[in-house]
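A.B. asks: I'd like to go over a predicted model; first the sequence, then the structure.
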Amino acid sequence: MKWVTLWKKQLVTLRKDSWPNKIMANLKDIRDRIKSVKSIQKVTKAMKMVAAAKMRKAQGRMEQARPYTHRLTEVIHHLLPDVDRELLPLLDIREIQRVGYIVVTSDRGLAGSFNTNVLKKAQQEIEEIGKQNVDLFCIGKKARDHFKRRDYNIVQSHIEFWNDLDFPHAMKMGEGIISHFINGEVDEIHVVYNEFVNVATQSIQSERLLPLEYDDEDRMAHVDRLYEPSKEKLVRSLIPRHLNIQMWKYLLESYASEQAARMVAMENATDNAEDMIKDLSLEFNKARQASITKEMLEIVGGAEALK
């Protein structure tokens, strides 16, 4: 009886000091990881649904604005060959000494490479000119923070407005940019932004906003026209409106692209979480089966020792 009692004590000691505690701790760690991943998956799934709803709304506004924007751009391009550029300072072509860059990003991340691609493109073009010769107009926190850390010359920054995006925001930004150009502080202004192509694709665009110009096709298509009201009145009225509409276009395109990029990123994150949960569940089942098998072997071994 003493021998049996001693063996039972040794078996209890073995169970306390060796595999049971280790395996149970391992099982607990895996269970906690599965729980954490499931919690993250719920968040990413919710963010995907929110981004999808915002994207549909933004896409609708963008598609409503596109026909007007394109038609006004056509009118401006047809009008420019007939215009004396001295009529309006916004048409003034000067020797390029200093350039302004409008960089359109979001305030928040978790949108894949949406912000990274815009910032990379803008920085590449700015470095070619020389950052000491560039004034920056940063739209969105990501652009402001990126260029502020690198000591670029930020003239204006606009943040925390995306959730309440409206045309007055575009007008306010446009007024500051136009004023900067008219005052002669820069000789050209470029814009870098994301253009919405479809849900899965956003295209990085770099355009010259000021001064306005026309290409050779516009010159070739030039014919004599009658203007009512006068050409001068049309120019003074349409050019500022055109620039405000262009700013509105950049904001709408960028916002729709941001939501599409975030929706895709969150969908990928949700799918990755699902794959991780499957892998962890398999690992958990293997560890649990191993613990059951080992426990059964010890019980059998103990029973054999008692014979």
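C.D. replies: Done, it's in.
A.B. asks: who's in contact with residue 156?
C.D. replies: Contact analysis of residue 156 by C-beta atoms under 8 Å, 6 or more residues apart in numbering lists 137, 138, 173, 176, 177. C-betas here are computed from N, CA, C, even on glycine.
A.B. asks: just the buried members of these?
C.D. replies: Neighbour-count burial (16 or more other C-beta atoms under 10 Å) applied to those gives 137, 138, 173, 177.
A.B. asks: so of those, which ones are in helices?
C.D. replies: 173, 177 (DSSP state H).
A.B. asks: for the buried ones among the contacts of residue 156, which one is nearest residue 283?
C.D. replies: Of all the buried ones among the contacts of residue 156, residue 283 sits closest to residue 138, with 45.9 Å by C-beta to C-beta.
A.B. asks: now the closest one, which residues is it bridged with?
C.D. replies: Listed beta-bridge partners, residue 138: residue 103, residue 157 (assigned using DSSP bridges).
A.B. asks: that one reaches residue 158, doesn't it?
C.D. replies: Yes - the pair residue 138 / residue 158 is scored as a contact, 7.3 Å apart, by C-beta atoms under 8 Å.
A.B. asks: make CSV out of the contacts of residue 156 and add distance to residue 129.
C.D. replies: Shown next, in CSV, are the contacts of residue 156 (distance: C-beta to C-beta, whole Å):
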residue, distance to residue 129
137, 15
138, 17
173, 22
176, 21
177, 18
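A.B. asks: ok, so of the residues you listed, who is nearest residue 288?
C.D. replies: Taking these together and measuring to residue 288 by C-beta to C-beta, the closest member is residue 138, at 53.6 Å.
A.B. asks: so how far is residue 55 from the closest one?
C.D. replies: Using C-beta to C-beta, to the nearest Å, one gets 23 Å for the distance from residue 138 to residue 55.
A.B. asks: likewise residue 252?
C.D. replies: For residue 252, the distance to residue 55 - C-beta to C-beta - is 12 Å.
A.B. asks: residue 289 and residue 73, how far apart?
C.D. replies: Residue 289 is 67 Å from residue 73, by C-beta to C-beta.
A.B. asks: so the two - more neighbours on which side?
C.D. replies: Each of residue 289 and residue 73 has its neighbours counted (other C-beta atoms under 10 Å); residue 73 has more, 15 against 10.
A.B. asks: quick one: distance of the helix or strand harbouring that one to the chain centre.
C.D. replies: Per DSSP states H and E, residue 73 falls inside helix 19-79. Offset of helix 19-79 from its chain centre (C-alpha atoms, centre = their mean, to the nearest Å): 10 Å.
A.B. asks: counting contacts, what elements does that helix pack onto?
C.D. replies: Judged by 3 or more C-beta pairs under 8 Å, 6 or more residues apart in numbering; DSSP states H and E, the packing partners of helix 19-79 are helix 231-306.
A.B. asks: who touches both of residue 138 and residue 158?
C.D. replies: When contacts are counted by C-beta under 8 Å, 6+ apart, residue 138 and residue 158 have no shared neighbour.
A.B. asks: re the thing from before, list just the nearest of the buried ones among the contacts of residue 156 to residue 234.
C.D. replies: residue 177 (22.1 Å).
A.B. asks: local confidence estimate at the closest one?
C.D. replies: For residue 177, the model assigns a pLDDT of 92.
A.B. asks: OK, contacts around it?
C.D. replies: 100, 102, 137, 156, 189, 209, 210, 243, 247 are the contacts of residue 177 under C-beta under 8 Å, 6+ apart.
A.B. asks: kindly recompute the last result at 7 Å.
C.D. replies: Residues in contact with residue 177 (C-beta atoms under 7 Å, 6 or more residues apart in numbering) are 102, 137, 189.
A.B. asks: any weak-confidence spans in this structure?
C.D. replies: 1-25, 82, 214-227, 303-307 (pLDDT under 70).
A.B. asks: for the residue nearest to the spatial centre of it, give me phi and psi.
C.D. replies: Nearest residue to the geometric centre of the chain (C-alpha atoms, centre = their mean): residue 114, 3.4 Å. The phi/psi pair for residue 114 (degrees, to the nearest 10) reads phi -50, psi -50.
A.B. asks: so how far is residue 198 from it?
C.D. replies: 14 Å.
A.B. asks: cool, and residue 271?
C.D. replies: 20 Å.
A.B. asks: compare these two and say which is more crowded by neighbours.
C.D. replies: residue 271 (12 against 9).
A.B. asks: where's residue 100, which helix or strand?
C.D. replies: Here residue 100 sits within strand 99-104, counting by DSSP H and E.
A.B. asks: and the contacts of that strand?
C.D. replies: By C-beta under 7 Å, 6+ apart, strand 99-104 touches 118, 122, 126, 129, 133-140, 143, 177, 180-181, 186-193, 250, 254.
A.B. asks: which members of these are classed as buried?
C.D. replies: 118, 122, 126, 134-140, 143, 177, 180-181, 186-193, 250, 254.
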